[in-house]
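Engineer: I would like to see how this sequence folds:
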Amino acid sequence: MSKSLKHILLPAKEQGWELSLFSKTSWKLVESILEIDKSTVIPRDTRIALPASAVVTVPLIIPSADHLTQKGIAQLQMEQSGLVKSGSASWDLFLVDSASTLSIGVSLVDKSIAIENQLIDQTFDLAARFYKVGDVDTILCKREQGRWVTIFYKESRPFYIEMIDSIESISPQLKSLFIQFSVLGINFIPEVLIIEKVDDQDIDQTDLADSLKIPMHQLDVINLAAHDSIDLQLVPSFVRVARKKRTQMKKLKSLVLVALCIYTIG
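Structural biologist: The predicted structure follows:
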């Protein structure tokens, strides 16, 4: 992340969005936005953290190589899984752990994104998933726009995100995922489960920790963490169309201006 201040638009805990101002050392809430419409002003430097409902994540073990080669390998695997259509631009690859060659492939689900077309100068990425969780293998369970989301971290970087129906769904989810991770060759042994506190829900820590055999912590606030990764090139289709139209309009204006200059000189 750039050393300069950045605005980040995060999915709110229950409804809407939260616009925060973030630096290497601190972050603060600037504004709560119930719904983004034509009157909403979002700074141009804002990084929009797409909600978990709008992305599909795939953990991938990819041999060490240059990024372009790794992305080609990832594209083949994701196309074979039906997660990316051939020629799709709305996906990207993010390196999680170089030692184990673990990466995360992220693909957009355009139909689930309800944002006004005015957001064409912003970056769409995984900013919301970089929380202060420590360096050990960690599972974070938090609320995003009224739904529970589990995020799996290795080396403090997210490598898998999945929505669940309730806290009680964590146990069967983990049993299934651990088998999948083992098949993929992903060495993941969670040392802590962090759950975001919700006012109207009482979570039985003892029963959950005993069933999962993982130490559990509940936190009122999950703090954002700085990261030095390159922003993912995740661009919703309506944004690509809007940017293309804007570029065409600029070219048209330039041609008209040149024609006027020639006419005036003539």
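Engineer: Please enumerate the strands of the stretch 101-250 of the chain.
Structural biologist: Under the criterion DSSP state E, counting those that start in this stretch, the stretch 101-250 of the chain contains strands at 102-108, 123-125, 138-144, 147-154, 157-164, 192-196, 216-219.
Engineer: Tell me the spacing between residue 222 and residue 138.
Structural biologist: According to Cβ to Cβ, to the nearest Å, residue 222 stands 11 Å off from residue 138. In this view, the C-beta of every residue, glycine as well, is placed from N, C-alpha and C.
Engineer: So between those two, which is more surrounded?
Structural biologist: Neighbour totals were compared for residue 222 and residue 138, and residue 138 leads with 23 against 20 (other Cβ atoms under 10 Å).
Engineer: How about that one: what's its closest non-neighbour residue?
Structural biologist: Of all residues beyond its chain neighbours, the one nearest residue 138 is residue 153 (4.3 Å), with distances taken as Cβ to Cβ, 6 or more residues apart in numbering.
Engineer: Would you check that that neighbour makes contact with residue 133?
Structural biologist: Yes: applying Cβ atoms under 8 Å, one finds residue 153 in contact with residue 133, separated by 5.1 Å.
Engineer: between those two, what contacts are shared?
Structural biologist: Common contacts of residue 153 and residue 133 (Cβ atoms under 8 Å, 6 or more residues apart in numbering): residue 140.
Engineer: of the two, who's got more company?
Structural biologist: For residue 153 versus residue 133, neighbours defined as other Cβ under 10 Å are more numerous around residue 153 (25 against 21).
Engineer: coming back round to it: for residue 222 and residue 138, list the residues in contact with both.
Structural biologist: Common contacts of residue 222 and residue 138 (Cβ under 8 Å, 6+ apart): residue 194.
Engineer: Check the burial of the spatially closest residue to residue 64 that is not a sequence neighbour by counting its neighbours.
Structural biologist: Spatial nearest neighbour of residue 64, chain neighbours left out: residue 101 (5.8 Å); criterion: Cβ to Cβ, 6+ apart. Applying other Cβ under 10 Å, we find 16 residues neighbouring residue 101.
Engineer: Then residue 173?
Structural biologist: 17.
Engineer: Show the model's pLDDT score for it.
Structural biologist: Predicted confidence (pLDDT) at residue 173: the value is 88.
Engineer: ok, it touching residue 164?
Structural biologist: Yes: in terms of Cβ under 8 Å, residue 173 counts as a neighbour of residue 164; the distance is 5.7 Å.
Engineer: Common neighbours of those two, please.
Structural biologist: Contact criterion Cβ under 8 Å, 6+ apart; residues shared by residue 173 and residue 164: residue 150.
Engineer: Any chance of the strands of the stretch 101-250 of the chain in a markdown table with mean pLDDT as columns?
Structural biologist: Formatted as a markdown table, the strands of the stretch 101-250 of the chain follow (pLDDT from 0 to 100):
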| stretch | mean pLDDT |
| --- | --- |
| strand 102-108 | 86 |
| strand 123-125 | 72 |
| strand 138-144 | 92 |
| strand 147-154 | 92 |
| strand 157-164 | 90 |
| strand 192-196 | 90 |
| strand 216-219 | 85 |
